[in-house]
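**Q** okay, here's the prediction I keep looking at, along with the sequence it came from:
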Amino acid sequence: PGGTAASPGTAASPTPAASPGTAAAALRPEVVSTSVWAGPSPVILQLHDASGPIDDPSVRVTVQLQRPDGSPVGPVLAATAVRPPGIARVSYVVSLDIPSPGRWTLQVTTFRDGGTQGAIVPLDVLDPGGTAALGQRAPTARTPTVADAGGDARAVTTDPQPDLRLSSRSTADLLASHTPFVLVVDSVKFRVSPACGKAVGMARYLADRWPDVGFVHLEPYRYSLVSETPVLAGDLADPPLVDAATAWGIGGSPWGATSVPWVFVVDGSGIVRAKYEGLMGSDDLDVVLALIAGS
């Protein structure tokens, strides 16, 4: 009981959920990760009980991956408590190795005040396809910068009011300098989904919160400037990708070229630690960045 949570992926001693008739049924875990992937993937949880949110970093939390029928897969793992700077909520992060996409469940158990609480929460797992693999080195393809374009931001972003912080450094330069970074693959002009453009706005907010992290916007589609207006080099139904987007695995099966936005989080060692597709929350990235900073 008590103590600091172990690192994500650390095996914990198997322990049963609380006995029927205890307060166990009051535990309510929630998966707040907006993208969880088959293979190695971080999963972010927030916890509630009958008294409200559980925001105590000293609470010990374990997680068991299960099939929908309740059969366990892999070991019981200890979660890490993470509280990003200036945020009241505590999240509990566990790194799972999930065999395949589809529906899974998690048995979540807390240990505090001499007792245990347990509950099961469903988990929907996505197929990563050929996108940059979590736990592996990031692609070294260079993303274009404003300097590469001779100072013309319109050549590297379709954002009509660009935040030049997002186009001032290349992912290749950040990898070489061992700087953690967030790559946002998104288009403001060429909207192939309702989520397009939103990830760029989120990056602006997070760049203010994390000044020691590089934030890079990569415009995914090939275009040219005609009378200062970005014009797509192809059809919006099947837009042509730039080389850097292809290097990060955008466009492959099962997602396709119209699956943007994508966001990738890379640590100072050049390892891809998290990735997200489509609509996503800034809370996810905040927690992962705090975890990277803590490690």
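**A** Yep, it's here.
**Q** in the protein, what residue sits furthest out from the centroid?
**A** Relative to the centre of the chain, the most outlying C-alpha is that of Ser227, 37.6 Å out, by Cα atoms, centre = their mean.
**Q** quick one: pLDDT of that one?
**A** If you check Ser227, the pLDDT there is 88.
**Q** tell me the contacts of it?
**A** Neighbouring residues of Ser227 by Cβ atoms under 8 Å, 6 or more residues apart in numbering: there are none. (Glycine included, C-beta is placed from N, CA and C.)
**Q** where do the helices sit along the stretch 101-250 of the chain?
**A** 171-176, 198-209, 243-247 (DSSP state H, counting those that start in this stretch).
**Q** format those helices as TSV; extra columns: distance to Asp286, mean neighbour count and mean pLDDT.
**A** Output for the helices of the stretch 101-250 of the chain, formatted as TSV (distance: least, Cβ to Cβ, whole Å; neighbours: other Cβ atoms under 10 Å; pLDDT from 0 to 100):
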stretch	distance to Asp286	mean neighbour count	mean pLDDT
helix 171-176	19	19	98
helix 198-209	7	18	96
helix 243-247	25	18	98
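**Q** and of these, who's closest to Val82?
**A** Smallest distance to Val82 across the helices of the stretch 101-250 of the chain (Cβ to Cβ): 14.3 Å, for helix 198-209.
**Q** chain center to the closest one, what's the gap?
**A** Mean-position distance between helix 198-209 and its chain equals 14 Å (Cα atoms, centre = their mean, to the nearest Å).
**Q** now the helices of the stretch 101-250 of the chain in a markdown table, with distance to Leu164?
**A** Converted to a markdown table, these look like this (distance: least, Cβ to Cβ, whole Å):
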| stretch | distance to Leu164 |
| --- | --- |
| helix 171-176 | 15 |
| helix 198-209 | 11 |
| helix 243-247 | 18 |
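**Q** just want the angle from the helix or strand harbouring Phe264 to helix 198-209.
**A** Per DSSP states H and E, Phe264 falls inside strand 262-266. Strand 262-266 and helix 198-209 meet at an angle of 30 degrees, taking axes from the mean of the first three to the mean of the last three Cα atoms, to 10 degrees as the criterion.
**Q** skip ahead from strand 262-266 and say which helix or strand is next.
**A** Where DSSP H and E defines the elements, the next helix or strand beyond strand 262-266 is strand 272-277.
**Q** partner strands of that following strand, parallel or antiparallel?
**A** When sheet partners are counted by DSSP bridges, strand 272-277 sits next to strand 262-266 (antiparallel).
**Q** where does pLDDT dip in this protein?
**A** Scanning the chain for pLDDT under 70 picks out the ranges 1-25, 295.
**Q** re the thing from before, buried stuff in the strand holding Phe264?
**A** 262-266 (16 or more other Cβ atoms under 10 Å).
**Q** starting at the chain centroid, how far to it?
**A** Relative to its chain's centre, strand 262-266 lies at 7 Å (Cα atoms, centre = their mean).
**Q** please apply the same query to stretch 115-135.
**A** Centre-to-centre, stretch 115-135 and its host chain are 11 Å apart (Cα atoms, centre = their mean).
**Q** got the CA positions of it in PDB?
**A** Taking Å, rounded to 0.1, in the frame of the first residue of the first chain, the C-alpha atoms of stretch 115-135 are listed here in PDB:
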ATOM      1  CA  GLY A 115      -7.100  -1.600   1.000                       C
ATOM      2  CA  THR A 116      -7.700  -2.200  -2.700                       C
ATOM      3  CA  GLN A 117     -10.200  -1.200  -5.200                       C
ATOM      4  CA  GLY A 118     -10.600  -2.800  -8.700                       C
ATOM      5  CA  ALA A 119     -12.700  -2.200 -11.800                       C
ATOM      6  CA  ILE A 120     -12.700  -3.100 -15.500                       C
ATOM      7  CA  VAL A 121     -12.600  -0.600 -18.300                       C
ATOM      8  CA  PRO A 122     -13.000  -1.300 -22.100                       C
ATOM      9  CA  LEU A 123     -10.100  -0.400 -24.400                       C
ATOM     10  CA  ASP A 124     -10.400   0.100 -28.200                       C
ATOM     11  CA  VAL A 125      -7.100  -0.500 -30.000                       C
ATOM     12  CA  LEU A 126      -6.100   0.800 -33.400                       C
ATOM     13  CA  ASP A 127      -4.100  -0.700 -36.200                       C
ATOM     14  CA  PRO A 128      -0.900   1.400 -36.600                       C
ATOM     15  CA  GLY A 129      -0.300   0.300 -40.200                       C
ATOM     16  CA  GLY A 130       3.000   1.500 -41.500                       C
ATOM     17  CA  THR A 131       3.200   4.700 -39.400                       C
ATOM     18  CA  ALA A 132       6.400   5.400 -37.400                       C
ATOM     19  CA  ALA A 133       6.500   2.600 -34.800                       C
ATOM     20  CA  LEU A 134       6.300   3.400 -31.100                       C
ATOM     21  CA  GLY A 135       9.400   2.500 -29.200                       C
END
